[in-house]
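Q: Next comes the sequence, and after it the predicted model I'd like to discuss.
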Amino acid sequence: GAGVSQTPSNKVTEKGKYVELRCDPISGHTALYWYRQSLGQGPEFLIYFQGTGAADDSGLPNDRFFAVRPEGSVSTLKIQRTERGDSAVYLCASSFSGDEQFFGPGTRLTVL
Amino acid sequence: GIQVEQSPPDLILQEGANSTLRCNFSDSVNNLQWFHQNPWGQLINLFYIPSGTKQNGRLSATTVATERYSLLYISSSQTTDSGVYFCAVSQGGKLIFGQGTELSVKP
């Protein structure tokens, strides 16, 4: 079956702009996770959904970051007033009820 | 919060050699996963191993949860094994990653 997909694969934006990153989880997976990976580092947790609700958003760095999963499937990570420090690879993962997580290919965000 | 430490940070092998990568964690965890991040950035699942031993081809892994460590064994390494290997532990749903071991296998 299809794996986790993420769009766009690359996004270049200017400082101060708004961006949306999309994640399509594996069909039937109830849990969806967002992570962020900077160069030379391991991925860092941002937010986790179980169904439609955010079960844990403790990793969101500030209120410029927001994520939704309105129908319990596709999720969108939204970043307002982007800053150069937001440049990173944003990874999405999904799992069946919190078990083994499977990752998408990521979206590389560059803020100029 | 929980700390995850991987060693060694870097490893260079000649093709055909064996290696052991280690992951130490500082608290009890629900689950543990090993990943290989390929040169294109994709995280590939190797093992989901909260405890015990598993084998998959030339790779095997052992987690001793009571002593808070896991080992990844790579035998008869190939150039395609090159990349970064991450250990990640699960606590309350989210994964907490180590800093990774960067493996380079020379022909």
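A: Great, that's in hand.
Q: For whichever residue of chain A sits closest to chain B, grab the count of nearby residues.
A: Residue of chain A nearest chain B, by CB to the nearest CB: A:G42 (3.2 Å). C-beta: built from backbone N, CA, C; applies to glycine. Here the neighbour count serves as a burial measure; for A:G42 (other CB atoms under 10 Å in any protein chain shown) it reads 21.
Q: can you check A:H29 too?
A: For A:H29, the tally of surrounding residues (other CB under 10 Å) stands at 19.
Q: quick one: contacts for the closest residue to it other than its chain neighbours?
A: For A:H29, ignoring the flanking residues on the chain, the nearest one in space by CB to CB, 6 or more residues apart in numbering or on different chains is A:S94 at 3.8 Å. Residues touching A:S94, when contacts are defined by CB atoms under 8 Å, 6 or more residues apart in numbering or on different chains, comprise A:4, A:23, A:25-26, A:29, A:31-33, A:101-102.
Q: ditto for A:G3
A: Residues near A:G3 by CB under 8 Å, 6+ apart: A:26, A:102, A:104.
Q: helices or strands next to the helix or strand of chain A with the lowest mean pLDDT in the packing?
A: In chain A, the helix or strand scored least confidently by mean pLDDT, DSSP states H and E is strand A:53-56, which has a mean of 92. Taking 3 or more CB pairs under 8 Å, 6 or more residues apart in numbering or on different chains; DSSP states H and E as contact, the helices and strands that strand A:53-56 lies on are strand A:44-50.
Q: Let me know the pLDDT of A:L39.
A: Per-residue pLDDT puts A:L39 at 92.
Q: Same question for A:G1.
A: A:G1 is given a pLDDT of 57.
Q: what does A:T76 give?
A: Spelled out, the predicted local distance difference test score at A:T76 is 98.
Q: circling back to that earlier point, past the least confident helix or strand of chain A, which element shows up next along the chain?
A: strand A:65-68 (DSSP states H and E).
Q: Tell me where the model's unsure across chain A.
A: In the predicted model of chain A, residues A:1 satisfy pLDDT under 70.
Q: Do you have the strands of it handy? List them.
A: Under the criterion DSSP state E, chain A contains strands at A:5-7, A:10-13, A:19-24, A:31-37, A:44-50, A:53-56, A:65-68, A:75-79, A:88-95, A:102-103, A:107-111.
Q: The ones you listed: which one's closest to B:I12?
A: Taking CB to CB, strand A:31-37 is the member of the strands of chain A nearest to B:I12, at 23.3 Å.
Q: Is chain B within reach of that closest one?
A: Yes: part of strand A:31-37 sits close enough to chain B to count as contact by CB under 8 Å from any CB of the partner chain, namely A:31, A:33, A:35.
Q: Determine the angle, from 0 to 180 degrees, between that strand and strand A:75-79.
A: Inter-element angle recorded for strand A:31-37 and strand A:75-79: 40 degrees (by axes from the mean of the first three to the mean of the last three CA atoms, to 10 degrees).
Q: so what does strand A:31-37 touch, helix or strand wise?
A: With 3+ CB pairs under 8 Å, 6+ apart as the test, strand A:31-37 has strand A:44-50, strand A:75-79, strand A:88-95, strand B:94-97 packed against it.
Q: Just send the ones you listed back as CSV, with distance to B:S19 too.
A: As requested, the helices and strands packed on strand A:31-37 are exported to CSV (distance: least, CB to CB, whole Å):
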stretch, distance to B:S19
strand A:44-50, 26
strand A:75-79, 36
strand A:88-95, 26
strand B:94-97, 20
